Structures are given as C-alpha cells and as structure tokens.
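In: sequence and predicted structure below; questions after.
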Amino acid sequence: MTNAASFATTPSGAKPKPFITWERFVVYAVLIVCALFFLLPLYIMIMTSFKSMAEVQSGNIFVPTLHPTFDAWSKAWDSACTGLYCEGIKVGFWNSVKITVPSTIVSIAVASVTGYSLANWPFKFSEVFFTILLLGSFIPYVVMIYPLVIITRELGIFSTLWAVILVHTIFGLPIQTLLFRNYFASLPQELFKAARVDGAGYWGIFFRIFVPMSVPIFTVSVILQVTGIWNDFLFGVIYAGPTNYPMTVQLNNIVNSSMGGKAYNVDMAATILTGIVPLTIYFVSGKYFVRGIAAGAVKG
Amino acid sequence: MKNWKLAAALCASVALPSVAMATDLEVTHWWTSGGESAAVAEFAKAFDATGNHWVDGAIAGSSDTARPIIISRIMGGNPMGATQLNPGKDADELIKAGLMQDITDLATKEDWAHILRPASQLASCTVDGKVYCVPVNLHSGQWMWVNRKVFEDNGMAVPTNYNELIAAAPALQAKGIQPLSLAQGWAIGLLAGDLMVAVAGVDNYVKVYKDRDMTIAKGPEFTKVFEAIAAARQFAPADKIVPQWNEAVSLVIQGKAAANIMGDWAGGEFAVAGLVAGKDFDCLPGLGLTPVLDTGGDVFYFPKNADPAITAAQLTLASTLVTKDVQVAFNLKKGSLPMRADVDLSKANDCMKKGLEILDHSTAVFPSGSQMIDRDSLNQINDLLNEFFANTDMSVADAQAKFAAIIEAAPK
Amino acid sequence: MMLIVLGVFVCGTIWTVLFSFTNIKILPIFTPKEWIDGFVGLANYRRLFNTDRWMSCPAITHIGMADWRFTCTGALPNMVTYAVLSIAIAVSLGFLLAVLMDQKIRAEGVFRTIYLYPFALSFVVTGHVWAWIMSPEYGLQASMRQLGWDSFSFGWIADRKMVMYAIVIAGIWQGTGFVMALMLAGLRGIDEDIWKASKVDGIPAWRTYIQIVIPMMKPVLVTIFVIVTSGAVRIYDLVVAITDGGPGISSDVPSRYIYQNFSANLGQSLSASTVMLVAMAIVLIPWIRMEFGKKSQA
C-alpha cells in the first residue's frame, strides 16, 4: 500500500471521495500504462525532431539526443522548401483555417439537423435516405473525385473555397448524421412529446431542447470534423484551387518528396506543428465532456 | 483558326519577348526535396527573366499522387499553365482527348530534333507526328553504388561489377555485412529491370517491353534473368528490405551494406554525406557489366488554355527550358544529365561524366520502362517482383510465367 | 443540402458501377456514348478476381493432415482480418479507458489528449515512426538485443504471415482514442440519478455498467461500431505508411488497390470499389432494416 499512500501526499483540493483506495491505484496504473503505449511514438518523433540528420541516420531511435537542436523546428515552420518556395509550412496555415472553420460549422449544422429530422420527424423515405447515407460512409472516397469535379464545375464553384466546403460537408455527412441521429434517438422521447404539446415547433424543439442537451456529442463531432478536415490533403488540393492550398499541401510536399533525400527530423517537426490545432481542440474540448447536462435540461 | 492563334502566340513569345505582357503561369511538378527545389528555382529564375512570372504549384508524391490532381484541374476547367507528367503512354490519353497544347511549331522552329538528344526523348513527347511536351533532363536507373571502404577495411577487392559483388557476397555476410541493400516497392522493380538489361541484354529487354516478343519473355534468356533475381533475393532477405530507397542508400553510406542498385539520383545522397566518387564510393553504370543507360527523364506538358496570354507564356516557358544556360544550371543542381550535347559541363561530378560518355554512344542508350509500356502493366510487374522477393516459395518458372502473362496482356 | 448530398452519393455510385464495365484507363469518361464505345463487359471483374493481390485462395489439394491450411491471401482477406481484430480491440480498450476516465480522476484533460493525439497527426509520418519501431533493423528488436537480450524477437512487419497484426497494433494506437472519446460522451449523457439509484440498491459498479449502462448506451455503441467499421473497411494511410503493402504484396488492402489503380487503370479501381460496395450493402442493408425498421414502426 505504500504506492497508494504516496498518492495521498500529493496536494489535492476538496475531493468528493477519499483518495487512498486500492481501486484508484489500479485505475491510475491502467491509465498510465496505456498512456505510455500511446506516447511511445510521440517520444520518438520529438526526439528525432531535435536531432541533426547525421545523428538520425547513425543513432538509435529510442536514445535521446546528446546535442539537441531546434533547427528542424525552425526549418519546418519557416524555411523548408516545397518546390520553389522555401517558407516552411506556415504558408498554408491561414488557408487551412479558412477551409476548416466554415467546413466544420456547415457540416455539423447540416448533419445535426439531418440527424434530428431522421430521429424525430421521420419522413416518407427517411429509411432509404439513411441507408444510402450509411452506405456512403463505406465508399472509398477517391472514386468520387471525378464525379465531384464535374458537379462542382457545373455549379461554377470549382477551384474555390465553396467547392472544398461542399466536398467536406458531403463526405462528413454520413458519419456525422449517424452520430447525431443515434444520440438524439437515445434522448428521452417524453421531452420531445411534452415540447410538442406545449406548442414548440421544429426549430424551437431543436434549439431549445436538443442542442443544449447534446453538448458532449457536438464536441465529439467537432473533434471528428476538425481532425478530418484539417488533415485533409487531397480534397484541398483538388477543389480549393491553388490560392487556397491548405497547410497539408506543404506538409505533404516536405514529407513525401519522392526522389530527393528525406529529412526525418524536419518531417517529424512539421507533423507535430501541423497537428497543434487539432491537439489544442482536443485539450480545450475537455470542459464540454461534462456529466449532467442531460439531467439538468430535463429538470430545467 | 487554332493554328492562327498558335502562330500569333508563337510570334509574340519569340519575336517580342521583352514587350510581352507579364503573365503568371502556374507550373505543377513533384520536385520538393532540398536539391530538387534548388533545381526548380533555376527554371523559375530564367522564366521570370523573360518578363513573365512562374507560380509554383509543387505537389509531392510522384505521378501517382499528382496525376489525379492534374487531371481534375484540367477537367474542372481551371488548368495549370504547365505541368510535369510522365511522358509516353501515361500522357497519351490526355493528348488524344485534345487537352494538351500542341507545340510542334516551336519545336520545328528551334530545331529540337537536332539539338536535343537522345532522339528517344523527343520521340516520347511526339504523338502522330506532333510534339506535346518538352524534355528537360535525363535520368538513368542502371547504377550500382559500392562503398569502397567496406571492402578495403576487410582486405577484399572492390568489385567492379555486379557479378563480382555476388561472388564476394558470402564473404561479406560472414563478416556481418549485407551484400546488397534494398528498398521495397519500385526499388525492387528497378533492381529487377537492371538485371534484365544486364543478363538478357538491352536488345532482348527492349524486344520484350516494347515489341512484346513473347518467345523471349517466355524463353531461356529471361529464365536466366529470373534466376539472377532469385539469387539476389538470398542476399536481400525480407527482414532486411527497408521501406524507402534513400534508407537503402544510407545503409551503403554507413557501411552496413556493401552496395545498392539505384538510379543516378542516389548520387545526391552520397554528396550530402560528404562522400567522394572514386575515393569513398564507386558508381558503376550498367551495373559495371555493360555500360548502358536507359533514358528516363522529366518532361513538361502544357494543358490547353482559353487565354491567349497564357498560351504565349506557355511557349515562352517551353523555349526557356531548353536554352543552354538553363539546361546547365538546372541539371547540375538536379544531378541529372542535360538534354543538349552543346553545353559546358566541366563542373559535373565523376558519375555524371561517366553518364555523359555513355550518352555519346547512341547504341548504349535505350528507352525507360514507362516509355515502352503503360503504367498499369508496370504496376503489375512491380507487384509480381515484390512478391517474388518476399515469397521464397515462388519458383523461378512461376514468376517468369506470370511476368510473361502481364506482358502479353499489356495494351500495345 | 440533403438532396445535393444524396444526389452526389447516388450519382457517384451509379457512375462507379456503370463505368466499371468499360475499358476506362486514366482519363475519366462520363457520356453514354463513351460508355457504349468502351464497354468490355465483366473484363475488369475477371481480372480483379484473377489478381493474387486482390484475393487468392489455395486449392483444396493443399490440405494435408500436417499442413491444414485453407486460408485465402490478398487485399480482401487482409482487410477482414484487420477489421475484425482492430474493431474488437479498439472498442473494448476504448470502453475500458472511458470507464476509467469517468471515475472523477485527476488530469482527465491530459489523459484524454494523450489517448486522442494519434488521431490528430498525419499518419504519413506517424506511420513511419511505427515502421521504425517495428522494424527488426532499427526498432525494438535491435534495441533489446543491444541491451543484451539476444533472443528478443519482434519482426512481424517483415513476416508475411504476421504483418497484418503489426498493422493492427498501429491501428489500435490510432483509433482507440476516438472510441474512448465517443464512449465518454455516451457515459456522460447517462443520468446521474441512475448511478445514485443503483448505489442505493447496493448493486456493484461493474454490474451497473453491464446491466444498465451498456444497454442505455446502445445507440452510441451502434454509432461507434459503424464509424470504426467504415474506418477499417477503408483502411489505407496506415498500410501505405507502415508497409506500403509489403513484404511483397502480403499486407495489401482494398483501398490501396483502389487508390493505386485510380491513377493507372480506373476500370480496375471502379470494379474493386463496386465489389466493396456490394459486399457492404449485403452486410448493411438487412441490419439497417432490422435495426431501424422496427423503430419507425413503433
């Protein structure tokens, strides 16, 4: 029990339970062991990014560097070449933001309303519609590229931000709709019925009852969309047009150069730098994973 | 009507380069590593000097990633000004669909047929007598790279060809050194292709790939080829095969492996590591057996464009890419051979000079695989060879039969 | 918007299926005339199922007493292996982590971010790190032997029979975090009163989870299952980054076949997609009818 006891000496605020239990020790042990497994590749990436290329080529991947250097990081952000321009991955940052923010908002808005309709306002072909959507989530998206080129061309939006937002919304929709439909279906139906009796309409019920009760699922949905859209390369490069190339185009150019030598240290730094935005979202999203929202809404 | 427009554009580009309006021309290519970027910068500098502006559209990942993107852009009605693309069979469909600019007039005017060599390069840009692309350099894949130190330190003779390396292989293995480093994927295809050329000879190789001569593909010459490949797989077992070509080269540089077979672009890795050709390492064209080289290389196509200003700029760019100064500056940085014989290459390194010498003997050069057969068939051959390397249960006869079946089914 | 999306999926699917019967190669075609001109019947499908890379099943003659192997190899069976294993492990591990995270622990945000971060990083590079870790030359095996553990062996990635399991490890690493997040959202959506009630009744926590919480979370579990399955069916980046289908073609998967042929032989790409689509439809449609059909009647 000495280990568990040492937990007790760590400073703690007011906790609902005493801290020194055998169960809690197991909980933390499992969480920490799993965390170590998850962290191993990150450790190697960070170590590699602080090495020089000579050290990367000769050294052991697990051994920390003796001469840490920030060169790879500044190179990745600021001066790594992708073709003619040697300005690192920072070039596409704002374009990525311009693509990700509207695409995330539009796709989640559309999907949550669609999911709400499917769950609570079934229409004639809603089952067929849902089946097609679900099947859609199993299609390898690459085969849809050419038909979408023709569709966006006919809509007159090819090579614009609109096209890439549309494409992300389309491909995000199957999974997102499923997410919301099933979540809304699991909420107590009495609420919905009571609201209808009170005379609330389609939008009224959605905004006043369903949205406030569904903060955790909106959070998951944001996590999913931001990650997918921020890391997308192919759709950005095809539909957004060269003036809107996202950051991942630079990342791909740095990481995937086909014939020239690979600078692994810069690759690692560039990857971590590109991932910072979704990582921040994950961390910040924490406070929306709160229990009791559903319960609170029922009572309020 | 079209010809008139083209002629006008041609006049504008050639006769009045200094008064021509500055046009932004987006150029797509997949050169993104440090050395490649420096080489592209030479193109851009020269093009900007004509009063136009090179807008760079680099997309890494070679033709597999880039091709769908390029096709999408063209189909979507927003084509780039110029684009790198593999020449030959891959681009034929785009040309036949009428999506590419015909630059025959410029080629005739500047007499490319005579200033650019070898003839195979311009030929692979030519469809039905019309020229559609500009070849900018030559890359060859038939090089063996040997770390001299590995042999010298162990008191062994440095091999001068592939056969000597194989003879020395057991001794190397006894000392814990991998005789041949190898990367998976296309690198295995490259090794096997080199062995076809080395064992069966250039003539038979071309007869199989270009003329689809099935008697040779199924015959004893190619049985020997597959036996040689089977011998090579003993010295590069599955758990020693690395994912990337440059990791395989790196094993040679570090002395963990004795040799690697790779294209001339591997020279850049040795240069970065500070190794000197002839002193620290040897580069042996044609695997040291017969000095022959294939003539792969990079070319630029010009998608058709509605804007005459862009068409004019396209022709200006095409012309710029093959001027003497640009050819020298670009190829020295790229580590490839220039298209023109009439340029000064005193600054070239030893390996490049060896390559140039071979290039002067036109019988020693032959077209690269992708100039003779379509990408789909090449992919299938690659799959087969990778499987043959990884699966020691697969017999020589089996592999040869499957190879012949792919060649037979390939579209002419 | 819903109609546009529906239209896109339907049009795209129809195009995929129809033109999988043509000799379409590199340049896409769309018109009926091009379809008639390029029609080749089942040629693409014949080639697909004659390709070892897609699927190859040993003849029954191979079966002997000592060597009883009736296993198919190729992209399609690899995907099934991957899907079954990665889904089973990611879902159970994700559930375990979510339950533990739900015990009012400290630094929940830190743990959650640690489990989720693999999801955020481009797999092109993290896959390469996994390739390093699992490579017998550079990775764990080499390091353990350097430390003096000479018999340590971990060479799955270079072993034709084990390589898919190596990819499963990386897949779990990448996908479990999201399962955990979704489970956690589901757990947090459960009414606090249920816990209080079960505590009053003296039901142990593990029984509350199994008998009350899991059934209540069924919609979320269905969502998770569909998301994880669709990810596993479309698995691509992972394989490309870690093995690129190697050794040989032993870790190839359908998406890789579809992607590679997309820029070399569209006909193959489209016919392979159609096969995947039909297979998924056969599995999914009866299930959807069962799952959702009865609810809409109720």
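Out: Received it, and whenever you're ready, just let me know what you need.

In: wasn't B:Asp393 part of a helix?
Out: No: under DSSP: H, G, I helix; E, B strand; the rest coil, B:Asp393 sits outside any helix and is assigned coil.

In: output the helix or strand harbouring B:Ala401 as PDB - backbone C-alpha positions only.
Out: For B:Ala401, the element it lies in under DSSP states H and E is helix B:396-409. Output in PDB follows, covering the C-alpha atoms of helix B:396-409 (Å, rounded to 0.1, in the frame of the first residue of the first chain):
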ATOM      1  CA  VAL B 396      11.500 -19.000 -61.000                       C
ATOM      2  CA  ALA B 397       9.300 -20.700 -63.500                       C
ATOM      3  CA  ASP B 398       6.200 -19.500 -61.800                       C
ATOM      4  CA  ALA B 399       7.400 -15.900 -61.700                       C
ATOM      5  CA  GLN B 400       8.500 -15.900 -65.300                       C
ATOM      6  CA  ALA B 401       5.100 -17.300 -66.400                       C
ATOM      7  CA  LYS B 402       3.300 -14.600 -64.500                       C
ATOM      8  CA  PHE B 403       5.600 -11.900 -65.900                       C
ATOM      9  CA  ALA B 404       5.000 -13.200 -69.500                       C
ATOM     10  CA  ALA B 405       1.200 -13.100 -68.900                       C
ATOM     11  CA  ILE B 406       1.400  -9.400 -67.900                       C
ATOM     12  CA  ILE B 407       3.500  -8.500 -70.900                       C
ATOM     13  CA  GLU B 408       1.100 -10.400 -73.200                       C
ATOM     14  CA  ALA B 409      -2.000  -8.600 -71.800                       C
END
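
In: what residues does it touch?
Out: B:208-209, B:212, B:214, B:217-218, B:222-223, B:226-227, B:229-230, B:373, B:377, B:380-381, B:384-385, B:388 (C-beta atoms under 8 Å, 6 or more residues apart in numbering or on different chains). From N, CA and C alone the C-beta is placed, and that goes for glycine too.

In: just those residues: which are in strands?
Out: Judged by DSSP state E, the subset of those located in strands is empty.

In: buried set for stretch B:139-159?
Out: Going by neighbour count (16 or more other C-beta atoms under 10 Å in any protein chain shown), the buried part of stretch B:139-159 is B:139-148, B:150-151, B:158-159.

In: separation between C:Ser271 and B:Asn386?
Out: Separation of C:Ser271 from B:Asn386 (C-beta to C-beta, to the nearest Å): 22 Å.

In: circling back: adding distance to chain A, secondary structure and pLDDT, write the buried residues of stretch B:139-159 out as JSON lines.
Out: JSON lines is the format used below for these (distance: C-beta to the nearest C-beta, whole Å; DSSP: H, G, I helix; E, B strand; the rest coil; pLDDT from 0 to 100):
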{"residue": "B:His139", "distance to chain A": "8", "secondary structure": "strand", "pLDDT": "89"}
{"residue": "B:Ser140", "distance to chain A": "13", "secondary structure": "coil", "pLDDT": "91"}
{"residue": "B:Gly141", "distance to chain A": "11", "secondary structure": "coil", "pLDDT": "91"}
{"residue": "B:Gln142", "distance to chain A": "16", "secondary structure": "coil", "pLDDT": "93"}
{"residue": "B:Trp143", "distance to chain A": "14", "secondary structure": "strand", "pLDDT": "94"}
{"residue": "B:Met144", "distance to chain A": "18", "secondary structure": "strand", "pLDDT": "96"}
{"residue": "B:Trp145", "distance to chain A": "14", "secondary structure": "strand", "pLDDT": "96"}
{"residue": "B:Val146", "distance to chain A": "19", "secondary structure": "strand", "pLDDT": "96"}
{"residue": "B:Asn147", "distance to chain A": "14", "secondary structure": "strand", "pLDDT": "96"}
{"residue": "B:Arg148", "distance to chain A": "19", "secondary structure": "helix", "pLDDT": "95"}
{"residue": "B:Val150", "distance to chain A": "16", "secondary structure": "helix", "pLDDT": "94"}
{"residue": "B:Phe151", "distance to chain A": "21", "secondary structure": "helix", "pLDDT": "95"}
{"residue": "B:Val158", "distance to chain A": "23", "secondary structure": "coil", "pLDDT": "95"}
{"residue": "B:Pro159", "distance to chain A": "24", "secondary structure": "coil", "pLDDT": "95"}
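
In: what's the most distant pair in those?
Out: Greatest spatial distance among those (C-beta to C-beta): B:His139 and B:Phe151, at 27.6 Å.

In: do a quick rundown of the strands in the stretch 201-350 of chain B.
Out: With DSSP state E, counting those that start in this stretch as the criterion, the stretch 201-350 of chain B has strands at B:257-262, B:281-285, B:293-294, B:299-301.

In: rank the ones you listed by pLDDT, which is bottom?
Out: Among those, strand B:293-294 has the lowest mean pLDDT, at a mean of 89.

In: isn't B:Ser336 up against B:Gly141?
Out: No: using C-beta atoms under 8 Å, B:Ser336 is not in contact with B:Gly141, being 11.8 Å away.

In: mutual contacts of those two, please.
Out: Here B:Ser336 and B:Gly141 have B:Asp264 as joint contacts, going by C-beta under 8 Å, 6+ apart.

In: re the thing from before, near chain C too, which of the contacts of helix B:396-409?
Out: When contact is defined as C-beta under 8 Å from any C-beta of the partner chain, these meet chain C at B:Phe388.

In: quick one: which of the contacts of helix B:396-409 sit in helices?
Out: Using DSSP state H, the subset of the contacts of helix B:396-409 located in helices is B:208-209, B:214, B:217-218, B:222-223, B:226-227, B:229-230, B:377, B:380-381, B:384-385, B:388.

In: from those, which would you call buried?
Out: Buried members of the ones in helices among the contacts of helix B:396-409, scored by 16+ other C-beta under 10 Å, are B:208-209, B:217-218, B:222-223, B:226, B:229-230, B:377, B:380-381, B:384-385, B:388.

In: state the pair within those residues that is farthest apart.
Out: Among those, the pair separated by the greatest distance (C-beta to C-beta) is B:Ala230 and B:Ser377, at 22.0 Å.

In: what sits against the residue of the stretch 101-250 of chain B found nearest chain A?
Out: Using C-beta to the nearest C-beta, the single residue of the stretch 101-250 of chain B nearest to chain A is B:Asn246, 5.1 Å away. Counting by C-beta under 8 Å, 6+ apart, B:Asn246 touches A:Gly261, A:Lys262, B:Ala183, B:Ala266, B:Glu269.

In: neighbour-wise, which one of those leads?
Out: When neighbours are counted by other C-beta atoms under 10 Å in any protein chain shown, B:Ala266 leads those with 27 neighbours.

In: look up how far A:Glu154 lies from it.
Out: Shown here: B:Ala266 relative to A:Glu154, a distance of 47 Å by C-beta to C-beta.

In: related to what we said a few turns ago, how about the strands of the stretch 201-350 of chain B, which one is nearest chain C?
Out: strand B:257-262 (10.6 Å).

In: direction included, what does that closest one pair up with?
Out: strand B:143-147 (antiparallel), strand B:178-181 (parallel) (DSSP bridges).

In: what about A:Tyr28, which helix or strand?
Out: Applying DSSP H and E, one finds A:Tyr28 within helix A:22-49.

In: related to what we said a few turns ago, now render the strands of the stretch 201-350 of chain B as a markdown table, adding mean neighbour count.
Out: Shown next, in a markdown table, are the strands of the stretch 201-350 of chain B (neighbours: other C-beta atoms under 10 Å in any protein chain shown):
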| stretch | mean neighbour count |
| --- | --- |
| strand B:257-262 | 28 |
| strand B:281-285 | 22 |
| strand B:293-294 | 27 |
| strand B:299-301 | 25 |
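
In: now tabulate these in CSV and tack on distance to C:Ser263.
Out: Compiled in CSV, the strands of the stretch 201-350 of chain B are given as follows (distance: least, C-beta to C-beta, whole Å):
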stretch, distance to C:Ser263
strand B:257-262, 23
strand B:281-285, 31
strand B:293-294, 22
strand B:299-301, 16
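
In: let me know which of these is the nearest to B:Arg73.
Out: Closest among those, using C-beta to C-beta: strand B:299-301, at 12.4 Å.

In: how distant is that closest one from the center of its chain?
Out: Distance, stretch centre to chain centre, for strand B:299-301: 13 Å (C-alpha atoms, centre = their mean, to the nearest Å).
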